[in-house]
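A.B. asks: how would this look folded up:
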Amino acid sequence: MVQKFLLLLVLACISCSKQPQPKFNGELKKWHKITLSFEGPDTDELAEINPYLEYRLDVTFTNGNKSYVVPGFYAADGNAAETSSTSGNIWQVRFTPDAIGEWMYTVSFKKGNEIAVAETAEEGVSAGFMDGQSGSFQITTTNKTGKDNRAKGRLNYIGESYLQFEETGDYFIKLGVDAPENLLGYEDFDSTTNALDFLKKWEPHAKDFETSAEPYVWKKTKGKNLLGAINYLASEELNVFSFLTFNVDGDDRNIFPYLLKKPVAEYEVYASDKKNKKAWENFFHKTRLDVSKLEQWERIFEYAETKGMFLHFKTHETETDHLMDGGVFGTETKLYYRELIARFGHHLVMNWNVGEENDQPTKEVLKVANYIHKLDPYQHHLVMHTFPNKDDRYEEFIGEQSPLTGASLQLSDAEFRDVPPRVLKWRTKSNATGRKWALSVDEPGKANIALLPDNEDMEHNLARANALWGTLMAGGFGVEWYFGYASPNSDLTCEDFRSRDLFWDQNRHALNFFETHIPFWEMEPANQLTTDDISFCFAKENEVYLIYLPMELETTSLDLGDSDKDFAIKWYNPRDGGDLKDGSVTVTKASGTVDLGLPPIEPIKDWVALVTVKK
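C.D. replies: Predicted coordinates for the structure are as follows:
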C-alpha cells in the first residue's frame, strides 16, 4: 500500500513537472495587478462539463505571515477582450501583492460536481494540469504617485468611521456619482442588448478620452467613450462611480455577465415589455459566464484604478435579488459572487454592495454577506442599500450580527433635509455596538428630482448644504449623487456627466477642504456645541471645530469649554472654494460660549467657520 502511494506521488510529480509554469502578466510591484495564466483543460463556455462550476482554481499566495487564498476563473483563450473567444485552455488568477520581497504561491485545481461553490476545494478531486504547482516571484516597490490607487494601497475597513489607505495611512472621503446605475449598458461591450432603448454610447465624452487610456481600449477603438467619461470625472476631482452588474428584469435589463440561451433580438423584444419578468428563467444560462464581456469590463475598471476611482459594485437591485435560486441562497448566487470576486476583487479601492434597495429576508442577506466575507481574500468594504423608509432593518446587521462594515444610505426628501439625521442615526447606533460602520449617502433626494442638472438648478444650494456638507459634518465618509428619473440625463438615461458640471466644483471644494484643513477621521458630530438649531458642528474638542452655517443663518456661537486656550477663527466659502479668510472676529478664547462673528462677505450666504487652537 505504501509502495503504491509512493508510485502515485512520483507519477504526480512527473506530471506536475511537465506542466508549463504560469505566465505572469503585469508589473511585479507592490499594489499592482499581477495575472497568472495557467494552461488547463481545453474547453469552452458551453462545454458539457461546465468550466465555471465543475472546476475550481484557487491559488494561495504567501509572504511571511501574510497569506491569501485567491479564487481563479476560466479565461477562454486568455485574450477574450480582443478576440471575443468563447473557448480555450487558459485559466487565470489576479492578485495584488501588499508587501515587497519574495512571494510563494501554490496552486489548487480541482474538479467535481459544483466544486466551484463547494464549502472547500477538498470536496473535489485533482483536475491535473497545474494542480499542486508551486513557485515564487519577487515584488518591488510601486513606482506610482499622485491619485493612482497603486500609490496609496488598498482601501481598508479598520473598524472606524472612515476607510484607510494601507500604504499611505491616509483616510478616505468619496464624492462622485451614483448614476447612471446602468453605466455598463454600453454598446462597445460584447453581447450588450438594447431592451427599453437604454443602450449607451457615451458620445458626449468622446472628447475626454486621453492617450494614456490607449492600453485599456479593446479591438483598436472600443471603450474610448466610457474611458473618456471616467477621465472627465477624475478631472473634476470626483473619485467614485457606481454600477449594477446584474439588472435582469430590473429598471434597465441590459446588464448581465451571463450567456443568453436565445438570440439577442428575441431577448430584446421580451425584455422591452415590462410586464415580462421571467427573463432569468427563460433566456439565460444561469451558470455560464460571458468571458469576453467580463474582460472588457475589467479594462474599464483597471483604467479607473489609475485615475484614483472607488469602484462601487452594486451586485443586485430590488428587482433582481430574488431571481437567483428563487431568492434562497444557493448555487447560482454562490457562483455569481465567486466570479465577481475572482475577476474583480483584486481592485484596491472598492466595495461590494449586496443589493440596491434590498428587501430580502434577513437570513438570506446574512448568507450572502457571510459568503462574500469568507471568499474575498482582501475583506473589502461590504455594505447593503435599503429603501429610504426601511432603514430600520439595519438594526439586524450592525455590530457582530453580520460581516457588513457599513451602510449605503438612500434618502427621499426633495430638499435633502433627511440626510444629516439619518447619517447621525446610524453612526450613533453602530458606534454603540463597539464596531463602527463606515457610512455613505449613495442616493440622496427625492427619486424623481434628486440632483438636478445645472440648467435646472445652477446653484444647487440645497444639495450642497444638506446632502454634501450635511453628510460630511454628520460623520459620513462620502456621497454618491443620484440623478432623478424625471430629469434629462437621469439615473437611466445619463450619458453626459457634464450635465451637473457646476456642482462638481462644489464637491471638489468640500473634498479639498476636508483633506487639507482638518483631521476629519479624529472628529465627531457635535451640533450640541452651537447655540442655534440649524448649523452643523464637527469637532475634535479643545483642538479643532468646524461649523457649517446655512444660508438662513448669518452667524452663531460656539461652546469652546473653559480651557482658556486661544483659538483662531477662519472662514471658508463652500460655494466657490479658495483660501481661508478672516471674518469680523479672528481670535477668541475658550471661556465658555463665544461668538464667531460674521464671515468676510455676504453673510446671507452659506459659510464654513474653522476654529482651531493656536499653537
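A.B. asks: Count the residues that sit near D148.
C.D. replies: Residues lying near D148 (other C-beta atoms under 10 Å) number 16. No exception for glycine: its C-beta is placed from N, CA and C like everyone else's.
A.B. asks: For it, which non-adjacent residue is closest in space?
C.D. replies: Among residues not flanking D148 along the chain, T306 sits closest, at 5.2 Å (C-beta to C-beta, 6 or more residues apart in numbering).
A.B. asks: Report the separation between that neighbour and S85.
C.D. replies: Distance, T306 to S85, using C-beta to C-beta, to the nearest Å: 26 Å.
A.B. asks: Show me where the protein has its helices.
C.D. replies: 2-18, 80-83, 149-152, 224-235, 264-271, 279-283, 291-306, 331-344, 362-375, 419-432, 461-462, 470-473, 501-517 (DSSP state H).
A.B. asks: The fourth one: how far from the chain's middle?
C.D. replies: The one in question is helix 224-235. 17 Å (C-alpha atoms, centre = their mean, to the nearest Å).
A.B. asks: Beta-bridge partners for the most centrally placed residue in the chain, please?
C.D. replies: For the chain, the residue sitting closest to the mean C-alpha position, by C-alpha atoms, centre = their mean, is H312 at 2.3 Å. For H312, the beta-bridge partners are S242, N351 (DSSP bridges).
A.B. asks: I figured the residue nearest to D148 was touching A151, is that so?
C.D. replies: No. With contact defined as C-beta atoms under 8 Å, T306 does not count as touching A151 (10.0 Å).
A.B. asks: between these two, who's got more neighbours?
C.D. replies: T306 (21 against 17).
A.B. asks: Leaving out chain neighbours, which residue sits closest to E332?
C.D. replies: Once flanking residues are discounted, E332 sits nearest to M324: 4.0 Å by C-beta to C-beta, 6+ apart.
A.B. asks: Got the domain ranges for the chain?
C.D. replies: Following the assignment in automatic domain parsing, the chain carries domains at 16-139, 149-519, 526-613.
A.B. asks: Let me have those in TSV, adding mean pLDDT as columns.
C.D. replies: Putting the domains of the chain into TSV (pLDDT from 0 to 100) gives the following:
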stretch	mean pLDDT
domain 16-139	97
domain 149-519	98
domain 526-613	97
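A.B. asks: which one of the ones you listed is the most hemmed in?
C.D. replies: Mean neighbour count, computed with mean count of other C-beta atoms under 10 Å, is highest for domain 149-519 among these, reaching a mean of 20.
A.B. asks: What is the end-to-end distance of it?
C.D. replies: 21 Å (C-alpha to C-alpha, to the nearest Å).
A.B. asks: from the middle of its chain, how far away would that domain be?
C.D. replies: Its chain's C-alpha centre and that of domain 149-519 lie 6 Å apart, by C-alpha atoms, centre = their mean.
A.B. asks: going forward, begin numbering at 21 instead of 1
C.D. replies: Okay, using 21 as the starting number, the last item reads as domain 169-539.
A.B. asks: V284 touches D210, doesn't it?
C.D. replies: No. Judged on C-beta under 8 Å, V284 makes no contact with D210 at a distance of 10.8 Å.
A.B. asks: what are the bridge partners for D586, then?
C.D. replies: Under the criterion used (DSSP bridges), D586 bridges to K609.
A.B. asks: list the contacts for it?
C.D. replies: D586 is in contact with V607, T608, K609, A610, V633, K634, counting by C-beta atoms under 8 Å, 6 or more residues apart in numbering.
A.B. asks: And those residues, which is closest to N547?
C.D. replies: A610 (18.7 Å; C-beta to C-beta).
A.B. asks: Quick check on the closest one: phi, psi?
C.D. replies: Per-residue torsions, A610: phi -70, psi 90 (degrees, to the nearest 10).
A.B. asks: For it, which non-adjacent residue is closest in space?
C.D. replies: L580 (3.9 Å).
A.B. asks: my read: that neighbour touches V564, true?
C.D. replies: No. At 11.1 Å, L580 and V564 do not qualify as touching, with contact defined as C-beta under 8 Å.
A.B. asks: Find residues that contact each of those two.
C.D. replies: Joint contacts of L580 and V564 (C-beta under 8 Å, 6+ apart) are V631.
A.B. asks: hmm, back to that, from H405, how far off is the residue nearest to D168?
C.D. replies: Taking C-beta to C-beta, one finds T326 at 27 Å from H405.
A.B. asks: now P117
C.D. replies: 32 Å.
A.B. asks: One more: Y278?
C.D. replies: In terms of C-beta to C-beta, Y278 sits 23 Å off from H405.
A.B. asks: M571 now?
C.D. replies: Counting by C-beta to C-beta, the gap from M571 to H405 is 30 Å.
A.B. asks: do T103 as well
C.D. replies: For T103, the distance to H405 - C-beta to C-beta - is 36 Å.
A.B. asks: Nearest to S181 among the contacts of D586?
C.D. replies: Nearest to S181, judged by C-beta to C-beta, of the contacts of D586 is V633 at 22.6 Å.
A.B. asks: Tell me the bridge partners for the closest one.
C.D. replies: Taking DSSP bridges, one obtains F587 as the residues bridged to V633.
A.B. asks: Spit out the contact partners of I110.
C.D. replies: S57, F58, E59, G60, Y94, A95, A96, D97, G98.
A.B. asks: Save these as CSV, and put in distance to L309 too.
C.D. replies: What follows is the contacts of I110, written out as CSV (distance: C-beta to C-beta, whole Å):
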residue, distance to L309
S57, 17
F58, 18
E59, 20
G60, 16
Y94, 8
A95, 10
A96, 10
D97, 15
G98, 15
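A.B. asks: so who does F558 touch?
C.D. replies: 492-493, 495, 538, 540, 543-546, 565-568.
A.B. asks: tell me which of the residues you listed is nearest to I469?
C.D. replies: I469 has its nearest neighbour among those in L492, at 21.7 Å by C-beta to C-beta.
A.B. asks: Am I right that that closest one is in contact with S181?
C.D. replies: No. Using C-beta under 8 Å, L492 makes no contact with S181, being 11.4 Å away.
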